[in-house]
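Chemist: with the sequence up front, the predicted model follows.
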Amino acid sequence: MSSVAPADLPVSKDKGSIEAAEEAEYGQKPKTARVKQRLTSRTATIVSLIIAILWTIPTFGLFISSFRPAELIRTTGWWTIFQNPGFTFDNYAEVLLSPSSSSPQLGAYIVNSIAITLLGTLIPLVLATMAAYAFAWIKFRGANALFIFVFALQIVPLQMALVPLLQIFSTWLRPMQAWLHDVIPIIPEQNYAPVWLAHAMFAMPLAIFLLHNFIAEIPGDVIEAARVDGATHGQIFFRIVLPLATPAIASFAIFQFIWVWNDLLVALIFSGGTQDVAPLTQRLAELTGTRGQAWELLTAGAFISIVIPLIVFFSLQRYFVRGLLAGATKG
Amino acid sequence: MTTGDLLGKILQVVMGLAIFAAIIGLLIFFIDKAPKRGRDYWQLAGFLTPALLFLAVGLVYPAIRTSILAFQDSGGAWTFDNFIWTFTQPAAIRTLINTIIWVLLVPTISTAIGLAYAIFIDKSRGEKYYKVILFMPIAISFVGAGIIWRFVYEYRSGERDQIGLLNAMVVAFGGEPVQWLQTDPINTFLLIVVMIWIQTGFAMVLLSAAIKGVPTEQIEAAQLDGTNAWQRFINVTVPGIRGALVVVITTISIATLKVFDIVRTMTAGNFNTSVIANEMYTQAFRASEIGRGSALALILFLLVLPIVVYNVNILRKQREIR
């Protein structure tokens, strides 16, 4: 996914901030109480309950299965857990700890996922915040046209960029990687740099657009006052813009985190697919190809890959929803 | 993974962070120490150049280069063969048709379910929890979702107990188990279900927020006029959330056009389930047919183009108002 929606969501308009959306999102206004009773009929409740259950069952089944012994997973459905009881952590131990070459050995890939996500989030975040500030508060000719161009770049599907970017990397980046490997042997020749850079590049249009929307809404008086006092753009950026834009930066950071963590395509092209660089998603995709019937491994592995973004999602959900409501999603 | 490997990885991250911090630090330093003359332009350059450089290297140049590659054969001679192949080979045509099926079904169904759900749970008790349940798949990777649903579609032959939920239900109702993912054309629709499962939550959250933006007074007024719930929905709510509906449908359409991971994990495009994005990967990176891959990427670009042109127009209007 990678696209943005500039259209006018009523939520982010009023009060000029996302707070209004938050309020609308979770607030329950007393005056609506009367309408409330009439609108929520029993059928509606039942239908929404059915949808909610339908939506949860697949994940629930995976979760239950990941704790069942391999033999039981293979022979009985997870919904028969009470007729065929069995509970074990073996699946998790197997995928995470087993050193045998036939097991998934997810440990290394988890480290890779963390490493990739860390800088794959940080780099675009910093660069895009700087660019967003320039677009919002430094006046220059052609700013509008350039901004719209950047926004429009989101149409370029990742697929358009893959082949040439891979060629650029193998011409320019590869020699540097080889050199680094010679100097510091413990860093493999295939390192994280291409994946980091690719993620940063692909994230840029959406990041600039999103952050610009927030940064442009900082009251002009504040910035003007600082200018009059002789503050440089560097000072304004660090002392005023960054603190005020923190919620926006946080919500984009969560987006980017979840997106990079869940990415498969960029990893497939730029990671080389070895234990040295490949993230969890790539390893799992590979396992579904080679060990498609080993459900004890797949369920546990999938759950491990799901759990980290889910924790981030549940603990920072408010920011996440904010980011969405700012009119964007990506992919 | 040996300790040495782990150390190497940590070292890479630390070095990456250090180098990046050094570059940004230097940049900010020079921004502040820019010469007096034309200072604003130096500062502008300092803030903007890194991002624009990334865009140029990562998107602008590659997009142009891919467009050129699409019209060349492996020797570099100009040709239309890549496109001819795309529009004449049965397998390639099937890929195009599948993509169209995807982009027709996913946005409409996810938006419809998301909207219905958003309205049904609006102001109900436990609304927040209802929302989280539908929204959760967004945080799950397509690969994870692929595995979750492969498990639902799992097939066991003959008399053995089914371990896939779908086949278990079929058997419970007296049917024969089906190899869902291998059976054309039902397999494409089953993959589409996965995408709908993921996207509905997104539609729901955006539409729910929009619904809350519709003034209660309007709904109450319509109620006093003696309208029923359906009439109020069509005449008051839907016009009130038109903007959000457009956003949701266009966004999901673009995401659907580019869908790759689901197809890759669940069938790898076999059994006639391939879509453009997956075929592009297969051609360019598995079959080393760079030209064909580029042609498919270009087609994808052209399909996405009208949607984004539309969005850009809205954006331009908004900026003119400002």
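Modeler: That came in fine, so what should we check first?

Chemist: tell me which element the residue in the stretch 151-300 of chain A that chain B sits nearest to is part of?
Modeler: Nearest to chain B, among the residues of the stretch 151-300 of chain A, is A:Met201, at 2.5 Å (Cβ to the nearest Cβ). C-betas here are computed from N, CA, C, even on glycine. Per DSSP states H and E: A:Met201 is located in helix A:193-215.

Chemist: what packs against that helix?
Modeler: strand A:2-4, helix A:106-137, helix A:143-152, helix A:158-168, helix A:242-262, helix A:265-270, strand A:328-330, helix B:39-55 (3 or more Cβ pairs under 8 Å, 6 or more residues apart in numbering or on different chains; DSSP states H and E).

Chemist: report the distance from it to the chain centre.
Modeler: With Cα atoms, centre = their mean, to the nearest Å as the basis, helix A:193-215 stands 12 Å off its chain's centre.

Chemist: between helix A:158-168 and it, find me the angle.
Modeler: 130 degrees (axes from the mean of the first three to the mean of the last three Cα atoms, to 10 degrees).

Chemist: and the next helix or strand past helix A:193-215?
Modeler: helix A:220-228.

Chemist: show the model's pLDDT score for the residue of the stretch 151-300 of chain A closest to chain B.
Modeler: You'll see A:Met201 listed with a pLDDT of 95.

Chemist: that one contacts B:Leu53, correct?
Modeler: No. Look at A:Met201 against B:Leu53 with Cβ atoms under 8 Å: they stay out of range, at 9.4 Å.

Chemist: so where's the stretch 1-150 of chain B shaky on pLDDT?
Modeler: The model of the stretch 1-150 of chain B has pLDDT under 70 over residues B:1.

Chemist: sorry, back to before: so which of the helices and strands packed on helix A:193-215 is nearest A:Leu297?
Modeler: helix A:106-137 (9.3 Å; Cβ to Cβ).

Chemist: flag every buried residue along stretch B:179-195.
Modeler: B:Trp180, B:Leu181, B:Asn187, B:Thr188, B:Leu190, B:Leu191, B:Ile192, B:Val193, B:Val194, B:Met195 (16 or more other Cβ atoms under 10 Å in any protein chain shown).

Chemist: returning to that earlier point: so A:Met201 and B:Leu53 - more neighbours on which side?
Modeler: Between A:Met201 and B:Leu53, A:Met201 has the larger neighbour count (other Cβ atoms under 10 Å in any protein chain shown), namely 25 against 13.

Chemist: I'd like the distance between that one and B:Leu224.
Modeler: 56 Å (Cβ to Cβ, to the nearest Å).

Chemist: what's the answer for B:Phe54, then?
Modeler: 56 Å.

Chemist: the two: which is more packed in?
Modeler: Between B:Phe54 and B:Leu224, counting by other Cβ under 10 Å, B:Phe54 is the more crowded of the two (22 against 8).

Chemist: could you find the closest non-adjacent residue to the more buried one?
Modeler: A:Met201 (4.8 Å; Cβ to Cβ, 6 or more residues apart in numbering or on different chains).

Chemist: wait, what's in contact with that neighbour?
Modeler: A:Met201 makes contacts with A:Pro124, A:Ala161, A:Leu165, B:Phe54, B:Leu55, B:Val57, B:Gly58, B:Leu59, as judged by Cβ atoms under 8 Å, 6 or more residues apart in numbering or on different chains.
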